[in-house]
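K.L.:
need the 3D shape of this:
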Amino acid sequence: MCPLPRRIVVSALGLFVSLMAISSGTATEKPNVLFIAVDDLRVELGCYGSPHVLSPNIDRLAERGTLFERAYCQQTVCNPSRASVLTGLRPDTLRVWDLVTHFRENRPDTVTLPQLFKQKGYHAQCVGKIFHNWRQDDWKGDPDSWSVPSALHYNSHANDKPQVEGEVPPNLASGRLGHECRDVPDEAYFDGRVAKTALETMRAIHEKGDPFFLAVGFWKPHTPFNAPKKYWDLYDPEKIPLPTHLSPPAGVPDIALTKDRFDGEKEAALLREMHHGHLAAISYLDAQIGKVLDELDALGLRQKTVVVFWSDHGLHLGEHGLTRKTTAFELDAHVPLIIDAPGYEDGRRTNSLVELLDLYPTLADLCGLDAPEELEGVSLVPVLADPEATVKDIAITQTPRPNYLRGKQPEVMGYSIRGDRYRYTEWRDWSTGQPRARELYDHESDPLETENLIGRDRYTGTISDLETLMEKQLPRTAHGTR
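P.N.:
Presented below is the predicted three-dimensional model:
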């Protein structure tokens, strides 16, 4: 008899564990899902070992849930990453690599994560940015996924201007790169209004008594850094730690970098203001998440709600001389992920390698739903049950060149695998699948990825092993024809 594929075995184990928790009395009714998405938040939070970051509410969530130390997105830009999370499919399967292409253009019948919950009798609702929206207004997010129309979803980060009664207070920041420090209330900006609407939505759903899948999408800490002044005031700008690796990695191929470069040494004042504004944006975001979590507690829903917190990708803020995402470096690929599920031990941390596309099968398992067979992720329920469990050997992140394709196929695709110790990247010609350039970083000795080790004799065997592992997961002959 042929053994079952590993993904099926792991998924079945996850469903068994989840159903055991339900039958044991920890969840005697359909658990709700509070699905919190944030934009461009890299792994820089108090609970992730960054004590300079004031993020008490996210830290509190980590104390009640399981924190994933090594979670990775599937592509380092908003639309492909979010499409992958919400369909459980990789960007190449969706053929979505840019900000323009909507996943239903190529996969019209795909059942999204919230759509599955809606089909199974849940009230599925979206407040804020969940699906990508900018340049996709004609699609209105994805109406098929929700029980009622989305709220505060259709907009652009560039339109997040302060809305106040009377005259807008002066900007105390430089204004460069859109930075704003104004003495305004939380609801002057998008995220304050997202939190307010989420609270109202949660109360209305609770009154009806329906199980819910409530997706709350916050816009921060994506640029522009324009949090209200009180969040800037939480930080002494002279005490904010700044990056020291301001140059590209030694030996890095040019294709690995983005076109716009930033000289942090010449722009020292802007570098400091950038990090100050970024921290203010994180604390502003954290306060809004705190309001939502507090309301969940106030309504008595916490013990029967799965809470998921995730970011779509990371961001460079001067590191490697970059100020964007769309790279295959750790700083862009690594993301925060916390899952707080009823029936599982509080305050756990896991080093298990996971990917964001694993969220779809995980939530289906936790709520006892049959997920579509086509999903390319695996359930993380075994890891919730045992943080030492391993569900995959590598995490895969990709990014195309050129960065923004505008509906076209890529010329080159960077595929990067993250294992226990190394990050190995191949920049492959899309039409042939053959590498044009390669990178290797040893996270044991060089966690900041400051030196590309390709060409070093001592790593020849390691590179060969990683090439074989990548070929097993991503056959070169398939890339241009999938």
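
K.L.:
so which elements touch the lengthiest strand in the chain?
P.N.:
Ranked by number of residues, the top strand in the chain under DSSP state E is strand 212-221. For strand 212-221, the packing partners by 3 or more Cβ pairs under 8 Å, 6 or more residues apart in numbering; DSSP states H and E come out as strand 32-39, helix 113-119, strand 123-128, helix 190-208, helix 268-298. To be clear about C-beta, it is placed using only N, CA and C from the backbone, and glycine gets the same treatment.

K.L.:
straight-line length of stretch 379-395, end to end?
P.N.:
Stretch 379-395 has an end-to-end distance of 14 Å (Cα to Cα, to the nearest Å).

K.L.:
assign a three-state SS to Ile339, would you?
P.N.:
strand (DSSP: H, G, I helix; E, B strand; the rest coil).

K.L.:
what's the answer for the one 3 residues further on, then?
P.N.:
In the three-state summary, Pro342 is assigned as coil, counting by three-state DSSP.

K.L.:
given the longest strand of the chain, what are its sheet partners and their directions?
P.N.:
Next to strand 212-221 in the sheet, as set by DSSP bridges, lie strand 32-39 (parallel), strand 123-128 (parallel).

K.L.:
got the end-to-end distance for stretch 420-435?
P.N.:
23 Å.

K.L.:
could you do stretch 319-335 as well?
P.N.:
16 Å.

K.L.:
just stretch 106-113 next, same as before
P.N.:
17 Å.

K.L.:
what's the answer for stretch 298-317, then?
P.N.:
End-to-end distance for stretch 298-317, by Cα to Cα: 37 Å.

K.L.:
which parts of that stretch are buried?
P.N.:
301-302, 305-317 (16 or more other Cβ atoms under 10 Å).

K.L.:
in the residues you listed, find the pair that's most separated.
P.N.:
Pairwise distances across the buried residues of stretch 298-317 (Cβ to Cβ) peak at 37.6 Å, for the pair Leu301 and His316.

K.L.:
need the helices and strands packed on strand 212-221 in CSV (columns: distance to Pro410 and mean pLDDT).
P.N.:
Below are these laid out as CSV (distance: least, Cβ to Cβ, whole Å; pLDDT from 0 to 100):
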stretch, distance to Pro410, mean pLDDT
strand 32-39, 23, 98
helix 113-119, 26, 98
strand 123-128, 29, 98
helix 190-208, 31, 97
helix 268-298, 29, 98
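
K.L.:
what about Ile454, neighbour count?
P.N.:
17 (other Cβ atoms under 10 Å).

K.L.:
quick one, what contacts it?
P.N.:
251, 438-440, 463 (Cβ atoms under 8 Å, 6 or more residues apart in numbering).

K.L.:
switch to 6 Å and redo it
P.N.:
Neighbour list for Ile454: 438, 440 [criterion: Cβ atoms under 6 Å, 6 or more residues apart in numbering].

K.L.:
which strands border the helix or strand that contains Phe309, and is each parallel or antiparallel?
P.N.:
Counting by DSSP states H and E, the element that carries Phe309 is strand 305-311. Strand 305-311 has its sheet partners listed here by DSSP bridges as strand 32-39 (parallel), strand 334-340 (antiparallel).

K.L.:
and the angle from the last one to helix 268-298?
P.N.:
Same thing as strand 334-340. 10 degrees (axes from the mean of the first three to the mean of the last three Cα atoms, to 10 degrees).

K.L.:
could you look up the next helix or strand downstream of strand 334-340?
P.N.:
Using DSSP H and E, the helix or strand that follows strand 334-340 towards the C-terminus is strand 348-350.

K.L.:
and that following strand, what's buried?
P.N.:
Those would be 348, 350, for strand 348-350 by 16+ other Cβ under 10 Å.

K.L.:
ok, now stretch 45-53?
P.N.:
In stretch 45-53, counting by 16+ other Cβ under 10 Å, buried: 45-48, 50, 53.

K.L.:
what is the burial count for Ala250?
P.N.:
10.

K.L.:
between the strands paired with strand 305-311, which one is closest to His222.
P.N.:
Proximity to His222 (Cβ to Cβ) singles out strand 32-39 among the strands paired with strand 305-311, at 4.1 Å.

K.L.:
quick one: the closest one to helix 190-208, angle?
P.N.:
Taking the same axes, to 10 degrees, one finds that strand 32-39 is oriented at 170 degrees with respect to helix 190-208.

K.L.:
keep only those of the buried residues of stretch 45-53 that are in strands.
P.N.:
Residues of these located in strands (DSSP E): none.

K.L.:
still on that earlier bit, could you dump the strands paired with strand 305-311 into JSON lines with mean neighbour count added?
P.N.:
Listed next are the strands paired with strand 305-311 as JSON lines, based on neighbours: other Cβ atoms under 10 Å:
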{"stretch": "strand 32-39", "mean neighbour count": "24"}
{"stretch": "strand 334-340", "mean neighbour count": "25"}
